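Visitor: fold the following for me, if possible:
(chains A and B)
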There are 2 protein chains.
Amino acid sequence: MHAIVQTDADDPQSLELTQVDVPTLRAGEVLVKVAASGVNRADLLQAKGAYPPPPGASELIGLEAAGTIVAAGDTSRAVGEEVGALLAGGGYAEYVAVPEGQLTPIPEGYSLEDTASVVEVACTVWSNLVMTAGLRSGQTILIHGGGGGIGTFAIQVAKKLGAKVAVTAGSAEKLETCKKYGADILINYKEEDFVDKLKGSCDVILDIIGAKYLKQNLKSLAKDGKLVIIGMQGGTKEEINLGAVLANRLSIFGTTLRSRDTEAKAKIVRETVANIWPWLADGSITHHRHASYPLADAAAAHQALDSGEVTGTLVLTQNS
Amino acid sequence: MHAIVQTDADDPQSLELTQVDVPTLRAGEVLVKVAASGVNRADLLQAKGAYPPPPGASELIGLEAAGTIVAAGDTSRAVGEEVGALLAGGGYAEYVAVPEGQLTPIPEGYSLEDTASVVEVACTVWSNLVMTAGLRSGQTILIHGGGGGIGTFAIQVAKKLGAKVAVTAGSAEKLETCKKYGADILINYKEEDFVDKLKGSCDVILDIIGAKYLKQNLKSLAKDGKLVIIGMQGGTKEEINLGAVLANRLSIFGTTLRSRDTEAKAKIVRETVANIWPWLADGSITHHRHASYPLADAAAAHQALDSGEVTGTLVLTQNS
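Guide: Next up is the predicted model:
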């Protein structure tokens, strides 16, 4: 089959369309012929060598896809069924093996391309906001990077849950996007200190920055506040003051979706589909697909995402 | 009424039996005539000025008591009922006002003195092990300071839940005590590195040390491991590596019982009584009362607890 293979481990742009073996199915897996694969920031990290696949996962890049089941393995799935898929890897390929619990239906009204762009972000947002942080009506959440793919999706989910939403972003244009998606408090981090603005009012913080924001995040949490760190764009090491953590009964969660086992992923997919797919179907939550590239142009897609100019998700497509 | 008042804020030993006003009941409170009050390590901190009472709480020392209801306020409680009480303060006194939700029954077969020594430790252990960390059968928990009052109680609760229990303590004698209470893995921290011994196998760590153990604790956690910090005997500030936190999906909780609001305390008391009181009644969990002192000798009790030679809880008693 065709797949994108990184030919030079030291060159993240060396992504070449190559012939590789079709994956062998393990127990509980189906084989999906991929129509479209989402491009995520984690894929850029993997190409840079900073985010290796978990043990047992495909070495190929690609954390989400959509397509058609072509072999049902030992499952009771039907060949020909169109599905979305949350992956531990392997999405940038003609075929991918998927544990049954990581399959999603196609949201009503969605194309395969749109589905491939929404699975990872929806699972990431639902698992962190609800399953980890327990966000509920009346609470305040701060979402860093509100203008990004995860940010805009998280804003909408938080609003659906009845929360008040504060966001940080680096430009007036991005903040305008956040406002359009429902954000209540807009903070341009280049002009304002979010600690001053929020004054310890946050019940939940969804953070992609890590070390650089750790102190400010802890200061921005209310009593019993929860800091959920899902990215470390601002580094990994920082001093922490446990005195403040205990005094305010704070909790800090570090999470990644990809490293979870199939059972945990299946639970996340199940709850995400049950709660978010109806909102995708009725249009009350939208996710913007920025552009599609042919699979062979994966390097160009990575370059575009890395530029920071992308305002939604990128998708790699294949002729079926 | 009589109460222990600290006459010199700079002298933690200046604890004098003094006449003060009987507390005025607020909505939902009953007045308890105190027969016995538990002495906790937090009381020593309060006398040193390091643990001020939360807003609205009594300025008097004392976080748990047992006695008899002498005024029911606006509750439907009966005057004459014997009760235990979890307090935000005020236990070192002849009378204390207690929110109804913080009253406990007297465990079957327990005296008032024994009840006064067990309320705080039982609520601390249940709320942290179960309500915060979700400890369950088959998991491994590391309990630091296994030989102390919280440690020995936590060992027993963890064993009842079906967990495997590792402990640290500073002497062979204390480790022998831990073993008697059911601990499976005994670590003398003066002779062994618990990181080496546990090799990242802990699902939960109950920690009273704070900064000094932060790095070692994080290294000792398994995937999805939970670090619950309830004390900072080893300081408050330390560098944290968020990379390791995300890679293993760790969570860190800082908790204190005293600072919680009455609703949260009532929930903790309710769940603790429902789950732990039957184990106290049937003797499957025991708590050792080390000694009793007359209320007037609070300073001597503090000195004894501070010496580190105490192997259970101290109680202050009053003639009724």
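
Visitor: how many neighbours does A:G162 have?
Guide: 11 (other Cβ atoms under 10 Å in any protein chain shown). Every C-beta, even on glycine, is put in place using the N, C-alpha and C of the backbone.

Visitor: my guess is it meets A:G138, correct?
Guide: Yes. Counting by Cβ atoms under 8 Å, A:G162 does reach A:G138; the two are 6.4 Å apart.

Visitor: how about the residues of chain A that lie near chain B?
Guide: A:210-211, A:214, A:223, A:229-230, A:232, A:236-243, A:245-256, A:259-260 (Cβ under 8 Å from any Cβ of the partner chain).

Visitor: buried subset of those residues, written for ChimeraX?
Guide: Command for ChimeraX that selects the buried part of the residues of chain A next to chain B, burial taken from 16 or more other Cβ atoms under 10 Å in any protein chain shown:
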select /A:210,211,214,229,230,232,236,238,240,241,242,245,246,248,249,250,251,252,253,254,255,256,259,260
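
Visitor: which of the residues of chain A next to chain B fall within strands?
Guide: Within the residues of chain A next to chain B, residues falling in strands by DSSP state E are A:223, A:229, A:237-241, A:251-254.

Visitor: show me the two of these that sit farthest apart.
Guide: A:K223 and A:K237 (27.0 Å; Cβ to Cβ).

Visitor: tell me the contacts of the closest residue to chain B within the stretch 1-150 of chain A?
Guide: Nearest residue of the stretch 1-150 of chain A to chain B (Cβ to the nearest Cβ) works out as A:T132 at 8.2 Å. Residues near A:T132 by Cβ atoms under 8 Å, 6 or more residues apart in numbering or on different chains: A:226, A:228, A:253, A:255.

Visitor: cool, A:A266 as well?
Guide: Taking Cβ under 8 Å, 6+ apart, one finds A:99-102 in contact with A:A266.

Visitor: quick one: these as TSV, columns for distance to B:V315, pLDDT and secondary structure too.
Guide: Below are the contacts of A:A266 laid out as TSV (distance: Cβ to Cβ, whole Å; pLDDT from 0 to 100; DSSP: H, G, I helix; E, B strand; the rest coil):
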residue	distance to B:V315	pLDDT	secondary structure
A:P99	57	98	strand
A:E100	59	98	helix
A:G101	54	98	helix
A:Q102	56	98	helix
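
Visitor: pass me the low-pLDDT residue ranges in chain A, would you?
Guide: Scanning chain A for pLDDT under 70 picks out A:320.

Visitor: and the helices in it?
Guide: A:41-47, A:112-126, A:149-160, A:172-180, A:194-198, A:211-220, A:242-247, A:262-281, A:298-306 (DSSP state H).

Visitor: turn the ones you listed into TSV, including distance to A:A35.
Guide: Compiled in TSV, these are given as follows (distance: least, Cβ to Cβ, whole Å):
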stretch	distance to A:A35
helix A:41-47	18
helix A:112-126	4
helix A:149-160	20
helix A:172-180	28
helix A:194-198	41
helix A:211-220	38
helix A:242-247	47
helix A:262-281	18
helix A:298-306	15
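
Visitor: tell me which of these lies nearest to B:I185.
Guide: helix A:242-247 (25.1 Å).

Visitor: give the other helices and strands that that closest one contacts.
Guide: helix A:211-220, strand B:221-229, strand B:237-241, strand B:251-254 (3 or more Cβ pairs under 8 Å, 6 or more residues apart in numbering or on different chains; DSSP states H and E).

Visitor: so what's the spatially most central residue of chain A up against?
Guide: Nearest residue to the geometric centre of chain A (Cα atoms, centre = their mean): A:V121, 3.4 Å. A:V121 makes contact with A:149-150, A:153, A:287, A:313, according to Cβ under 8 Å, 6+ apart.

Visitor: so what's it closest to, chain neighbours aside?
Guide: Distance criterion Cβ to Cβ, 6 or more residues apart in numbering or on different chains; nearest residue to A:V121, sequence neighbours excluded, is A:F153 at 4.8 Å.

Visitor: who's in contact with that neighbour?
Guide: For A:F153, the contacting residues are A:121-122, A:125, A:285, A:287, by Cβ under 8 Å, 6+ apart.

Visitor: repeat for A:R289
Guide: A:113-114, A:117, A:312-315.

Visitor: could you rerun that using 6 Å?
Guide: A:114, A:117, A:312-313, A:315 (Cβ atoms under 6 Å, 6 or more residues apart in numbering or on different chains).

Visitor: ok, now which ones touch A:I69?
Guide: A:I69 sits in contact with A:30, A:32, A:77, A:79, A:81, where contact means Cβ under 6 Å, 6+ apart.

Visitor: so in terms of bridging, what pairs with it?
Guide: Assessed by DSSP bridges, A:I69 has beta-bridge partners A:V32.

Visitor: now it: how far from A:Y95?
Guide: According to Cβ to Cβ, to the nearest Å, A:I69 and A:Y95 sit 11 Å apart.

Visitor: and A:G283, by the same measure?
Guide: 32 Å.

Visitor: between these two, who's got more neighbours?
Guide: A:Y95 (21 against 9).

Visitor: A:G162 and A:S137, how far apart?
Guide: 3 Å.

Visitor: swap in A:R270?
Guide: A:R270 is 23 Å from A:S137, by Cβ to Cβ.

Visitor: how about A:P52?
Guide: 39 Å.

Visitor: repeat that for A:I285.
Guide: For A:I285, the distance to A:S137 - Cβ to Cβ - is 17 Å.

Visitor: which of these two has more neighbours?
Guide: In this view A:I285 and A:S137 are compared by other Cβ under 10 Å, and A:I285 has more residues nearby, 24 against 9.

Visitor: from memory that one sits against A:W279, does it?
Guide: Yes. Look at A:I285 against A:W279 with Cβ atoms under 6 Å: they come within range, at 4.1 Å.

Visitor: could you list the buried residues of stretch A:8-17?
Guide: Result for stretch A:8-17 [16+ other Cβ under 10 Å]: buried residues A:12, A:15, A:17.
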